[in-house]
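Chemist: Starting from these lines, generate the structure:
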Amino acid sequence: MQSSPRAIIIGSGVAGMAAAIRLAVQGYDVQVYEQSGQPGGKLGYFETKGYHFDTGPSLFTQPANIEELFELAGEPIAAYFQYRKMDHSCHYFYEDGTIIRAAADIDVFAAELQQKTGEPAHHLKTYLHTSGKLYDGVANIFLNHSLHKRKTLIKANIGKAIKTVRLSHLMKSMHQVNQKIFRSEKVVQLFNRYATYNGSNPYQAPGMLSLIPHLEHNEGTFYPEGGMISITNALYRLAIKKGVVFHFNQPVERIIRHNQKAIGVVVAGKNITADIIVSNVDVYFTYLRLLNDPNKAKKILKQERSSSALIFYWGINQSFSQLGLHNIFFSNNYQREFDHLFRLKKAYDDPTVYINITSKCEPGKQAPDGKENWFVMVNAPANVGQDWPALKNQYRKAIIDKLNRMLQTNVEALIETEDVLDPVLIETKTGSYQGSLYGTSSNSKMAAFLRHPNFSGQLEGLYFVGGSVHPGGGIPLCLKSAKIMSDIVQDDTRKRRKH
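Modeler: Residues are numbered from 1 along each chain as shown. Alright, predicted model coming up:
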């Protein structure tokens, strides 16, 4: 009896677990090696004094990506994971006192924008219609197929994509596209923020990124019961059910190569062989540390890194009725903020502040009664050796000053517990070079094509998943990277059998 082919996955982030499930379904004996003590990568969790905190991504869109995994595995998703659609995607706060609650109902949202900013309602509807068409026409190629395999591109409807794309989406920045559609600077700023969904600068990133709002406003935002950590827990349980074996606190030291083929890994000084190797490690570190190829690693750095983040986890001894699950407090000068993030690599004295509060959806469960768990994040420059202890203090003061002003309260007096995550810790804990949340930015027109493919062109049997490779960062794209990779593996297996 022939034994199952063996796959080793390095790293158990969301993409690593999705890859493990897909390969197990294909018939592989899957072993996952993880340097930390638990699965999830950036999608982690901790609890302190009754306050529950998700450590990383806080926005849940496109649940179909997860549903597809359970369907593929033949398991009922409801037994592992439950979620619900939100009535509002976000609450937006401006320094002049304007508050916009972005309703899931587009007519209600459009009416609110018109009432609060004077923006004609039909502008929003036209914009989101175009965003949806762009997503349907272009994302099918860019997000669901490898851009580096001719065969997979043939499957994609390139003709539809060409018809959908306007010259402005390619030649103009996201900010220029938004400015042309909307009259109100507030609304332009609101839609410029979607560039941060892949760590980019709306004043540089191509107008093509205006397809991102489609996910939130046309498809909707969702809340996973138990918080974002429930995504990690569900994928981990599903992987275990499919026979995947996890090895925690066992970092891979290097990938073994022989005759231009990846044939295994070294863990704790021992050689472990496999038919295929999948790296869910930042592609820069994969080449630098696991393949000992500093030249290839250096080439990857030619692309600009995405922004990072500074996150304060605050247990707040009060409830704020004006806040929702997702909240944005905008800076007065967005362009200057992004200039600091990407050109100057410095803290900005008036940062845009994002607050996620899961206790809004599960009061009494995510925080003690009458209290709230605040995940407070500002975009921060990637780590290039800045004085982070000083920057943390600078950001903390700027955030508290801003929230005191805009919420008319003394936030600092309400903080019962505090933990902090900075770009240095992000790199240390999750292996993201420079603490960049999304690997490389999308600040150039060719960024989508320059992302590393989901396979190695040099080493047979070596594949890549996760936010630092195609199609990009964030939970939906990480899950898509696993699908693209597993399709390529299946294709490569067929070719080998033919020969």
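Chemist: quick one: the strands in the stretch 251-400 of the chain?
Modeler: Ranges of strands in the stretch 251-400 of the chain, per DSSP state E, counting those that start in this stretch, are 252-258, 261-267, 270-273, 276-279, 308-316, 326-329, 353-356, 372-380.
Chemist: hey, where'd the helices end up in the stretch 201-350 of the chain?
Modeler: Here the stretch 201-350 of the chain has its helices, by DSSP state H, counting those that start in this stretch, at 213, 229-241, 283-285, 294-300, 334-339.
Chemist: Mind checking those for the one nearest to residue 382?
Modeler: helix 283-285 (11.7 Å; CB to CB). C-beta coordinates here come from the backbone N, C-alpha and C atoms, glycine included.
Chemist: buried ones in the closest one?
Modeler: Using 16 or more other CB atoms under 10 Å as the test for burial, helix 283-285 gives 283-285.
Chemist: The helices of the stretch 201-350 of the chain into TSV, with extra columns for distance to residue 84?
Modeler: Putting these into TSV (distance: least, CB to CB, whole Å) gives the following:
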stretch	distance to residue 84
helix 213	21
helix 229-241	12
helix 283-285	35
helix 294-300	39
helix 334-339	32
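Chemist: I'd like to know which of those helices is closest to residue 420.
Modeler: Each of these has some distance to residue 420 by CB to CB; the shortest is helix 229-241, at 19.0 Å.
Chemist: So what touches that closest one?
Modeler: By CB atoms under 8 Å, 6 or more residues apart in numbering, the list of residues contacting helix 229-241 from outside reads 12, 14, 17-18, 20-21, 24, 30, 32, 39-40, 43-45, 54, 60, 66, 69-70, 73, 75, 77, 80-81, 224, 226, 246, 475.
Chemist: Of those, just the buried ones, ChimeraX syntax please.
Modeler: Buried residues within those, by 16+ other CB under 10 Å, are selected in ChimeraX with:
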select :12,14,17,18,20,21,24,30,32,39,40,43,44,45,54,60,66,69,70,73,75,77,80,81,224,226,246,475
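Chemist: In helices only, show me the contacts of helix 229-241.
Modeler: Judged by DSSP state H, those include 14, 17-18, 20-21, 24, 66, 69-70, 73, 475 as members of helices.
Chemist: Tell me which two in those residues are the farthest apart.
Modeler: For the ones in helices among the contacts of helix 229-241, and using CB to CB, no pair is farther apart than 24 and 475, which are 20.3 Å apart.
Chemist: what's the neighbour count on residue 406?
Modeler: Applying other CB atoms under 10 Å, we find 18 residues neighbouring residue 406.
Chemist: again, but for residue 248
Modeler: Residue 248, neighbours per other CB under 10 Å, totals 13.
Chemist: Pull up the gap between it and residue 240, please.
Modeler: In this view, residue 248 and residue 240 are 13 Å apart by CB to CB, to the nearest Å.
Chemist: how long is stretch 188-202 end to end?
Modeler: Distance between the two ends of stretch 188-202: 10 Å, counting by CA to CA, to the nearest Å.
Chemist: next one: stretch 234-254
Modeler: One end of stretch 234-254 to the other measures 29 Å (CA to CA).
Chemist: tell me the mean pLDDT for that stretch?
Modeler: Mean pLDDT, computed over stretch 234-254, is 98.
Chemist: buried ones in that stretch?
Modeler: Counting neighbours by 16+ other CB under 10 Å, stretch 234-254 gives 234-240, 242, 244, 246-247, 250-252 as buried.
Chemist: I'd like those residues written out as TSV, with distance to residue 365 added.
Modeler: Converted to TSV, these look like this (distance: CB to CB, whole Å):
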residue	distance to residue 365
234	17
235	21
236	21
237	20
238	23
239	26
240	25
242	29
244	29
246	27
247	32
250	33
251	34
252	37
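Chemist: Sweet, I'm off.
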